[in-house]
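Student: Provided below for reference: sequence and predicted model.
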Amino acid sequence: QKDSGCNHMKCTTCGYEFCWICMEQFTPDHYINGSCAGLQFTAHPTAKKRLRKLKRLVIGTLIVIIAIPIVIIVAGVVVIVLIISVPIYLAYRLIKYLRRKRKSKK
């Protein structure tokens with residue numbers, strides 16, 4: 001009975017190489033591209049589920065870590081644009097109003 005160690009097995013009688021987790025034939029890239037990718041030294045198939053959850057958590061964390069600075073940068077750009085454009089627009093509207101007022105007095 002296997003309870004720890006590498007999951008790459010080799011039959012002592014015929015030399016057949018297989019994966020203990022999925023019982024599929026072992027290939028040199030089995031733990032890289034196969035159905036057991038990343039599970040070479042796991043003790044039990046349920047570890048695969050734990051690794052998937054961990055992978056999702058890491059990806060989610062990376063998305064948050066990347067998204068927050070992007071949101072801050074975009075918000076900063078928006079604030080700068082508003083700081084510059086609002087006074088310009090208000091000055092434009094004031095000049096337009098004052099010209100109309102002058103014309104109506106004449």
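Tutor: Yep, it's here. Because the structure is predicted, anything quoted here is derived from the model rather than measured.
Student: Show me which residues of the lowest-mean-pLDDT helix or strand in the chain are buried.
Tutor: The helix or strand of the chain with the lowest confidence, counting by mean pLDDT, DSSP states H and E, is helix 30-33 at a mean of 80. Buried residues in helix 30-33, counted by 16 or more other C-beta atoms under 10 Å: His30, Tyr31. All C-beta spots, glycine's among them, are computed from the backbone N, C-alpha and C.
Student: what does that helix rub up against?
Tutor: For helix 30-33, contacts defined as C-beta atoms under 8 Å, 6 or more residues apart in numbering pick out Asn7, His8, Cys19, Glu24, Cys36, Ala37, Gly38, Leu39, Gln40.
Student: Give me the mean pLDDT for stretch 10-23.
Tutor: For stretch 10-23, the mean per-residue pLDDT is 87.
Student: which stretches of the protein have low pLDDT?
Tutor: 1-5, 40-48, 106 (pLDDT under 70).
Student: moving C-terminal of the least confident helix or strand of the chain, what's the next helix or strand?
Tutor: Once helix 30-33 ends, the next helix or strand along the chain (criterion: DSSP states H and E) is helix 46-105.
Student: quick one: that following helix to chain centroid distance?
Tutor: Distance of helix 46-105 from the chain centroid (C-alpha atoms, centre = their mean, to the nearest Å) equals 21 Å.
Student: quick one: which of the contacts of helix 30-33 is nearest Val58?
Tutor: Of all these, Gly38 has the smallest distance to Val58: 12.1 Å, by C-beta to C-beta.
Student: ok, back up a step: can I get the contacts of helix 30-33 in CSV including distance to Leu98 and neighbour count?
Tutor: Shown next, in CSV, are the contacts of helix 30-33 (distance: C-beta to C-beta, whole Å; neighbours: other C-beta atoms under 10 Å):
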residue, distance to Leu98, neighbour count
Asn7, 82, 22
His8, 84, 16
Cys19, 82, 20
Glu24, 82, 12
Cys36, 77, 21
Ala37, 72, 13
Gly38, 71, 15
Leu39, 76, 21
Gln40, 78, 14
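Student: how about those residues, which pair is most distant?
Tutor: Maximum pairwise distance among those (C-beta to C-beta): 15.3 Å, between Glu24 and Gly38.
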